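> Compute the structure for the input listed below.
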Amino acid sequence: MTLSLTLMGGVNPCVIAKTYLSVEEAKQVIFPGKYFSRVKFDISEEIRRELKKISGIHHPLSKSQFWLANDGTWFIVDEVVGKHEMITYAVGINHLGKITEVQILEYNETYGHQIREVSWRNQFIEKDSRHQIRLNHDIANISGATLSCKHVTDGIRRLMALHSLLLRKLKSHDAV
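Have a look, this model is predicted:
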């Protein structure tokens, strides 16, 4: 048994992949009954550089999805790497630019699933781009889920910076 693990490189073949909410389900959880239009836009190189500087995240927002309601409310789906696998999450931002809720849609790591706990996610509520949104500053860490906590926190900080730099200026007529 030890020999076979050594030959496999000691890799744990058991990875727990779990989808908790679809995008549509997350929309209804975060903003029940609200109608959103999908928004697509280009991010200038200048804004990309600023987002990297603010968030520390170097991979692009290529798979992020954005929806806007008539009242200026945003629903955003984004993904960040956990320890090894991607974490897909959704953020609701109200018309004042404050986070209303964070939901974990898909989590593929073996460890760190505690980031789904309401008490951890609720730390983001009412934060806006003026807050640090940094692990171990205004967002508490969870032992055993440090990388997941850090990367989701960094991702949310990036989204709030994007909201401040670009999204708050877009109107519902910009939706496609």
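> Grab the nearest non-local neighbour of residue 164.
The spatial neighbour of residue 164 that comes closest, neighbours along the chain excluded (Cβ to Cβ, 6 or more residues apart in numbering), is residue 129 at 3.7 Å. All C-beta atoms are positioned from the backbone trio N, CA, C, and that covers glycine.
> What helices and strands are in contact with the longest helix along the chain?
If you go by DSSP state H, the chain has its longest helix at helix 146-165. Secondary-structure packing of helix 146-165 (3 or more Cβ pairs under 8 Å, 6 or more residues apart in numbering; DSSP states H and E): helix 45-55, strand 74-81, strand 86-93, strand 99-107.
> mean confidence for the next helix or strand after the last one?
Okay, so that is strand 99-107. Downstream of strand 99-107, the next assigned helix or strand under DSSP states H and E is helix 118-121. Across helix 118-121, pLDDT averages out at 98.
> Output helix 118-121 in PDB, but only the C-alpha positions, please.
Coordinates of each C-alpha in helix 118-121 appear next as PDB, following Å, rounded to 0.1, in the frame of the first residue of the first chain:
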ATOM      1  CA  VAL A 118     -22.500  31.800   7.000                       C
ATOM      2  CA  SER A 119     -20.500  33.300   9.800                       C
ATOM      3  CA  TRP A 120     -17.400  33.600   7.500                       C
ATOM      4  CA  ARG A 121     -19.300  34.900   4.500                       C
END
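> Only the buried residues of it, if you could.
120, 121 (16 or more other Cβ atoms under 10 Å).
> Can you name the residues in contact with that helix?
101, 102, 103, 104, 114, 115, 140, 142, 149 (Cβ atoms under 8 Å, 6 or more residues apart in numbering).
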